[in-house]
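1. Turn this into a structure:
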Amino acid sequence: QVQLVESGGGLVQAGGSLRLSCAASGLAFSNYAMGWFRQAPGKEREFVARMSRSGSTTYYTDSVKGRFTISRDNAKNMVYLQMNSLKPEDTAVYYCAAQYGVRLSTSVNGVDYWGQGTQVTVSS
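-> Numbers count the residues shown, from 1 in each chain. From the prediction side, this is the model:
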């Protein structure tokens, strides 16, 4: 079965960095657009970043542009999220997401597969 397993979350001070990783298995990885969503306590799950299946195209939500970078390694079935200049408002559970096709939806309803999530906490 399809599994997306996130790692790399943790507690960091404001201004710090974290790198999230997502290991995918059970799917033809290069056929899937990949991305990251996050969910803060009491809030809806929201889109963060996506990368096309070839890795040629990326897109970010405005609040993380210039601070976060998504990347993927199709040979290793991995996707990453490098998060720099972290802010307390970045605190959330971060979820890896996969969608068959060229582009990952920015809506939770379009995603085919989810990881279990990894907690990111940014202290002020």
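2. mind checking how far the residue lying closest to G9 once chain neighbours are set aside is from G110?
-> Distances taken as CB to CB, 6 or more residues apart in numbering put T118 closest to G9, at 3.4 Å, once the chain neighbours are dropped. In short, each C-beta sits where N, CA and C put it, glycine included. For T118, the distance to G110 (CB to CB, to the nearest Å) stands at 21 Å.
3. Look at the two and report which has more neighbours.
-> Here T118 and G110 are compared on neighbour count by other CB atoms under 10 Å; more neighbours surround T118, at 22 against 14.
4. Now name the helix or strand holding the residue nearest in space to the middle of the chain.
-> Of all residues in the chain, the one closest to the mean position by CA atoms, centre = their mean is W36, 2.2 Å from it. Using DSSP states H and E, W36 sits in strand 32-39.
5. got it, and G16?
-> Using DSSP H and E, no helix or strand contains G16.
6. Could you double-check that it sits in contact with L86?
-> Yes: look at G16 against L86 with CB atoms under 8 Å: they come within range, at 5.4 Å.
7. so what's in contact with those two at the same time?
-> V122 (CB atoms under 8 Å, 6 or more residues apart in numbering).
8. More neighbours: these two, which one.
-> L86 (22 against 14).
9. Surely the more buried one is in contact with S17?
-> Yes: with contact defined as CB under 8 Å, L86 reaches S17; the gap is 6.7 Å.
10. Wait, V12 touches S123, no?
-> Yes: if you go by CB under 8 Å, V12 and S123 touch, sitting 7.4 Å apart.
11. which one of the two has more residues nearby?
-> V12 (17 against 11).
12. so the more buried one bridges to which residues?
-> In this entry, V12 is beta-bridged to V122, by DSSP bridges.
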